[in-house]
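Colleague: this is the structure alone, sequence omitted:
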């Protein structure tokens with residue numbers, strides 16, 4: 001390790017900030033050569049991925065790389081300098097509270113150093129919340145033979161994210177890593193100049209639902225648009241996209257972003273968008289319950305959105321004293337996120353749940369909700385058909401194997417296989 005690099009590591013430890021650390025290209029190329037592998041770039045990314053304790057200066061961070069086995073099947077032996085670098089980085093991550101989560105970085109030119117894989121990938125055993133019967137009834141007053149109960153409750157606490165933004169993450173944190181096919185759910189609050197600057201994705205979909213304000217989206221294929229209060233953008237990253245998401249209005253812009261995994265056959269499709277303005281979202285109101293149907297069906301209303309991974313996504317608002325009985329498809333995993341107010345979910349005698357809680361629902365053929373408070377209750381009900389496939393996540397890339405993750409990183413770094421325009425493009429935000 002050169003004095004220059006050692007000095008930068010120590011500096012980062014002292015000020016508890018996360019910065020991009022660059023080893024000279026020759027250093028990491030040499031390490032890769034010793035491992036019998038071509039030079040590789042390790043990418044990490046903070047944008048709605050992990051639980052960073054400190055996110056400053058465009059969300060840069062550090063981590064050691066993970067070398068692949070040599071052709072003879074043996075793991076490469078790190079040099080003393082490499083081992084020291086790995087130990088230093090592990091201690092820094094533990095100090096910052098990142099030890100139990102996937103690393104968070106936009107880009108890091110450190111490759112082939114160390115062998116600590118816990119922070120770089122996530123092979124998740126997903127909880128299978130399965131129901132044993134189905135109901136096709138859309139009546140809000142129909143009782144269920146097997147009502148779904150709440151089996152897990154997670155409080156989404158505020159944390160820094162992106163560039164100066166704040167999110168409340170419920171899915172994608174240590175209490176609830178994922179819920180097949182869902183990878184992440186954030187409720188974000190952003191004011192200029194904060195936001196989520198240029199970053200890549202591959203292998204999943206993002207659904208952005210604006211609750212208040214406006215966000216402008218740009219990508220390297222030339223697409224640009226602004227979604228406002230009540231609008232939805234359903235983006236399929238597929239084989240790869242680089243984009244930015246930045247606030248477009250004054251004041252605090254608020255919304256929800258959901259990440260939905262794609263099946264192995266859909267991870268390499270071309271990127272696409274589905275955008276719905278608020279006026280085009282299907283609505284229904286019955287007995288004091290209003291539904292805005294983003295995906296699927298509710299209260300007799302159906303969404304026009306096509307979901308590659310079968311998904312139901314409904315925004316409910318319930319007046320004081322109202323109740324709801326909403327069917328949920330058989331075999332789908334489901335959860336509720338309470339946006340505002342409080343309500344009783346699942347069982348009539350259950351304790352009320354307040355805002356910013358995520359509730360994982362157990363087996364059954366539908367969900368019952370009661371609003372016994374003196375104010376409105378707003379929540380989203382989301383359900384999806386489990387994919388049942390291996391999940392390996394490395395920052396903004398979600399694939400089925402470590403080899404596919406490594407390929408995604410190389411494709412992004414070298415600008416190929418869907419990322420050809422990545423190196424020449426930057427947003428105007």
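Modeller: Thanks, I have the structure now. From a predicted model like this one, the values you see are computed outputs, not experimental measurements. Residues are numbered from 1 along each chain as shown.

Colleague: didn't residue 254 look like it was pressed against residue 213?
Modeller: Yes. Residue 254 lies in contact with residue 213 (CB atoms under 8 Å); the separation is 6.1 Å. For the C-beta atoms, the positions are set from N, CA and C on the backbone; glycine is no exception.

Colleague: between those two, which one's more packed in?
Modeller: residue 213 (20 against 17; other CB atoms under 10 Å).

Colleague: can you show me the strands along the stretch 151-300 of the chain?
Modeller: Applying DSSP state E, counting those that start in this stretch to the stretch 151-300 of the chain gives strands spanning 158-161, 165-171, 182-190, 196-201, 204-212, 214-219, 224-228, 232-236, 241-247, 253-261, 272-276, 282-286, 289-295, 297-298.

Colleague: including distance to residue 405, could these go into JSON lines?
Modeller: Output for the strands of the stretch 151-300 of the chain, formatted as JSON lines (distance: least, CB to CB, whole Å):
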{"stretch": "strand 158-161", "distance to residue 405": "22"}
{"stretch": "strand 165-171", "distance to residue 405": "20"}
{"stretch": "strand 182-190", "distance to residue 405": "14"}
{"stretch": "strand 196-201", "distance to residue 405": "13"}
{"stretch": "strand 204-212", "distance to residue 405": "13"}
{"stretch": "strand 214-219", "distance to residue 405": "22"}
{"stretch": "strand 224-228", "distance to residue 405": "29"}
{"stretch": "strand 232-236", "distance to residue 405": "19"}
{"stretch": "strand 241-247", "distance to residue 405": "17"}
{"stretch": "strand 253-261", "distance to residue 405": "14"}
{"stretch": "strand 272-276", "distance to residue 405": "23"}
{"stretch": "strand 282-286", "distance to residue 405": "37"}
{"stretch": "strand 289-295", "distance to residue 405": "28"}
{"stretch": "strand 297-298", "distance to residue 405": "36"}
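
Colleague: looking at these, spot the one closest to residue 393.
Modeller: Residue 393 lies closest, by CB to CB, to one member of the strands of the stretch 151-300 of the chain: strand 182-190, at 7.0 Å.

Colleague: measure stretch 143-161 end to end?
Modeller: End-to-end span of stretch 143-161 (CA to CA, to the nearest Å): 41 Å.

Colleague: now that stretch: mean pLDDT?
Modeller: Average pLDDT, stretch 143-161: 93.

Colleague: list the buried ones in that stretch?
Modeller: Burial within stretch 143-161, assessed by neighbour count using 16 or more other CB atoms under 10 Å, is assigned to 144, 147, 148, 149, 150, 154, 156, 159, 160, 161.

Colleague: let me see the contact set for the fourth one.
Modeller: So that's residue 149. Contact analysis of residue 149 by CB atoms under 8 Å, 6 or more residues apart in numbering lists 346, 347, 350, 361, 362, 364.

Colleague: which one of the residues you listed is nearest to residue 335?
Modeller: When the contacts of residue 149 are compared against residue 335 (criterion: CB to CB), the nearest one is residue 361, at 6.2 Å.

Colleague: separation between that closest one and residue 337?
Modeller: 12 Å (CB to CB, to the nearest Å).

Colleague: higher neighbour count, the two?
Modeller: residue 361 (27 against 24).

Colleague: tell me who's in contact with the more buried one.
Modeller: So residue 361 contacts 129, 148, 149, 150, 151, 328, 334, 335, 336, 345, 346, 367 (CB under 8 Å, 6+ apart).

Colleague: tell me which of these fall in helices.
Modeller: Judged by DSSP state H, those include no members of helices.
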